[in-house]
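1. When you get a sec, could you give me coordinates for this:
(one chain, ligands or ions: 2)
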Amino acid sequence: MKALDAQHYLLTVSLRREAIESFDTYPFSLPVVRNLKSLELHPKVTFLVGENGTGKSTLLEALAVACGYNPEGGTRNFAFETRASHSPLHQALTVSRSLKRPRDGFFLRAESFFNLATEIERLDAEPAPSPPIIDSYGGRSLHEQSHGESFFALLMERLSGQGLYLFDEPEAALSPTRQLSALARIHDLVCMRSQFIIATHSPILLAYPDAWIYSLTEDAIERVAYTDTEHYAVTRSFLNKHEQMLKELLA
Ligand SMILES: Nc1ncnc2c1ncn2[C@@H]1O[C@H](COP(=O)(O)OP(=O)(O)O)[C@@H](O)[C@H]1O
Ligand SMILES: [Mg+2]
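-> Numbering: from 1, shown residues only. Ligands and ions are numbered 1, 2, ... in the order given. This next block holds a predicted model:
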């Protein structure tokens with residue numbers, strides 16, 4: 001597919017430090033928040049990587065809320081809420097945008113895809129003049145599909161390009177082969193002027209070439225090259241000498 005011009009929707013996300021009373025309490029105590037000044041986003045794909053607990057999901061959720069998405073995930077039209085609250089981080093974020101507005105959008109939270117499936121069923125059970133929502137997800141209830149199948153249906157059927165897509169660990173449900181297919185689909189959507197921000201641990205997804213990878217650590221947020229990520233290095237050395245590494249690990 002021939003790429004259209006790269007489409008920035010979001011340019012930067014920055015933290016208004018003066019809006020924060022104390023960095024001692026959650027979520028402001030998280031390394032990602034303490035280290036965040038201004039994060040420039042790639043026009044195509046921006047990845048967030050880092051150890052469990054560094055705050056990738058918290059940042060992604062705050063960005064989603066600041067952009068008008070439901071903190072539980074979904075498109076901007078979903079407004080259901082099954083949890084009591086989300087973090088107040090979004091109130092301290094400034095998101096700078098281009099003049100173009102995305103025509104499509106989706107916030108995928110790994111943990112609440114189930115709730116989204118339930119919400120689609122609830123909405124479709126109500127009388128409405130419009131076609132059922134599930135039709136735009138391929139027509140089959142997301143509850144009747146495996147986690148991987150339903151996420152794949154979302155990716156292939158529901159997302160239509162010219163979109164802003166925020167994904168939290170989309171690989172969680174996907175086999176390695178499907179991760180490769182997801183990579184190809186992400187590329188198609190990029191060629192249709194979409195912008196992605198993805199928190200991931202997947203050494204497969206991270207290989208996408210037109211992307212920036214931000215590594216979140218205790219001390220900093222740094223842009224790193226794909227082959228310099230721990231994900232690449234660890235996976236590579238494990239696969240190259242798994243017998244030797246297992247001997248050491250399991251000794
Ligand atoms: N409501 C909350 N109150 C206090 N701490 C929380 C809350 N939600 C998440 N945390 C903590 O914030 C940290 C960062 O969580 P998260 O953003 O999910 O990290 P990541 O996605 O990078 O693994 C975790 O240690 C988690 O326990
Ligand atoms: Mg997370």
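2. per-residue confidence averaged over stretch 67-77?
-> For stretch 67-77, mean pLDDT rounds to 80.
3. Next: stretch 90-105.
-> The average pLDDT within stretch 90-105 is 93.
4. what about it, near ligand 1?
-> No. Counting by CB under 6 Å from any ligand atom, ligand 1 has no neighbours in stretch 90-105; the shortest distance is 13.2 Å. Heads up, the C-betas are built off the backbone N, CA and C, glycines and all.
5. Also stretch 40-60?
-> Yes. Using CB under 6 Å from any ligand atom, stretch 40-60 reaches ligand 1 at 50, 52-58.
6. helix/strand/coil for the residue positioned nearest the centre of the chain?
-> Per CA atoms, centre = their mean, the C-alpha nearest to the average position across the chain is that of residue 167, at 1.8 Å. Three-state assignment for residue 167 (DSSP: H, G, I helix; E, B strand; the rest coil): strand.
7. what sits opposite it in the beta ladder?
-> For residue 167, the beta-bridge partners are residue 108, residue 198 (DSSP bridges).
8. residues contacting it?
-> Going by CB atoms under 8 Å, 6 or more residues apart in numbering, residue 167 touches 106, 108, 196-200.
9. Then residue 205?
-> 47, 170-171, 179, 182-183, 186, 198.
10. need the residues you listed in CSV with pLDDT and secondary structure, can you?
-> Below are the contacts of residue 205 laid out as CSV (pLDDT from 0 to 100; DSSP: H, G, I helix; E, B strand; the rest coil):
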residue, pLDDT, secondary structure
47, 98, strand
170, 91, helix
171, 91, helix
179, 95, helix
182, 95, helix
183, 96, helix
186, 97, helix
198, 98, strand
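11. tell me which of these is nearest to residue 207?
-> Closest approach to residue 207 among the contacts of residue 205 (CB to CB): residue 183, at 7.3 Å.
12. Would you agree the closest one is in contact with residue 204?
-> Yes. Counting by CB atoms under 8 Å, residue 183 touches residue 204, with 6.5 Å between them.
13. Tell me the backbone dihedrals of residue 10, please.
-> phi -100, psi 130 (degrees, to the nearest 10).
14. Buried ones among the contacts of residue 167?
-> Neighbour counting with 16 or more other CB atoms under 10 Å marks 106, 108, 196-200 as buried within the contacts of residue 167.
15. interface residues of the stretch 51-200 of the chain facing ligand 2?
-> Selection of the stretch 51-200 of the chain residues close to ligand 2 by CB under 5 Å from the ion yields 56-57.
16. ok, now with 6 Å
-> Within the stretch 51-200 of the chain, the positions adjacent to ligand 2 are 56-57, 168, 199 by CB under 6 Å from the ion.
17. so which of the residues you listed is the most crowded?
-> residue 199 (26 neighbours; other CB atoms under 10 Å).
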